[in-house]
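Undergrad: Give me a model of this one.
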Amino acid sequence: MGDRVLLVTADDLLARAVGALQTLGDQVTHARDGGTGVELAERVRPDVVIWDGDLRSSDGGSAVVARLLATGAGVVVVAAGDGLPAGIRALRDGAEQLVVRPVDPDLLAAAVARAAEAGRWRRAASEVHRPRTLAEVERDQIERALRHHAGNRTRAARELGISRATLINKIRAYALDL
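TA: Numbering: from 1, shown residues only. Next up is the predicted model:
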């Protein structure tokens, strides 16, 4: 199974180059701007984000890179000419790879693979060291029971050892949509 890749670019040429990753089994999602890209990254939780954002902005894109890294994804930054110093700054801020334009599809595929591996290690490390709250455990158990019983609340409540009314209240409290 391939990696989940989020491409954030308005450049159709780069989008076609990244399309080659799909032939390698990767699942590619595309966002045309940084705001949409960050929202998608936070919702979809990709393994890798390829960011071809505006490195010429006042902060060199550091805020966007920081938000992308916070999702646990490996980040590959694409830069050209005048954006190269900001691309190097993005590496210092935590991005795993920097690919310089013009983009070689084989080099990009290798950068994505390395960034995905780094992202997996970072996620595994954060999950090992972060204890789960009681609410998270309860939510997961309720969700598991509901899925196991194909949404049948009576059977799920019986399995969980709670009343059906309590289960319904917890479904509302956790905003479970099953």
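Undergrad: switch to C-alpha atoms for all contacts and neighbour counts from now on
TA: Fine.
Undergrad: elements contacting the least confident helix or strand in the chain by mean pLDDT?
TA: Within the chain, confidence by mean pLDDT, DSSP states H and E is lowest for helix 12-23 among all helices and strands, at a mean of 76. If you count contacts as 3 or more CA pairs under 8 Å, 6 or more residues apart in numbering; DSSP states H and E, helix 12-23 packs onto strand 27-31, helix 105-129.
Undergrad: any idea which of the ones you listed scores lowest on pLDDT?
TA: Note on the helices and strands packed on helix 12-23: lowest mean pLDDT is at helix 105-129, with a mean of 81.
Undergrad: hang on, the earlier thing: and the angle from the least confident helix or strand of the chain to helix 105-129?
TA: 70 degrees (axes from the mean of the first three to the mean of the last three CA atoms, to 10 degrees).
Undergrad: Distance from helix 12-23 to the middle of the chain?
TA: Centre-to-centre, helix 12-23 and its host chain are 18 Å apart (CA atoms, centre = their mean, to the nearest Å).
Undergrad: Ok, which of the helices and strands packed on helix 12-23 comes nearest Val44?
TA: Among these, strand 27-31 comes nearest to Val44, with 9.3 Å by CA to CA.
Undergrad: who touches the helix or strand hosting Leu40?
TA: Using DSSP states H and E, Leu40 maps to helix 34-44. Applying CA atoms under 8 Å, 6 or more residues apart in numbering, the set of residues contacting helix 34-44 from outside is 6-9, 30-31, 49, 53, 64, 67-68, 71.
Undergrad: Pull out the CA atoms of that helix and give them to me as CSV.
TA: Taking Å, rounded to 0.1, in the frame of the first residue of the first chain, the C-alpha atoms of helix 34-44 are listed here in CSV:
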residue,chain,number,x,y,z
GLY,A,34,-1.8,27.0,1.4
GLY,A,35,-5.0,27.6,3.4
THR,A,36,-6.8,24.8,1.8
GLY,A,37,-3.7,22.6,2.0
VAL,A,38,-3.4,23.1,5.8
GLU,A,39,-7.1,22.4,6.3
LEU,A,40,-6.8,19.2,4.3
ALA,A,41,-3.6,18.1,6.1
GLU,A,42,-5.3,18.6,9.4
ARG,A,43,-8.4,16.6,8.3
VAL,A,44,-6.9,13.9,6.1
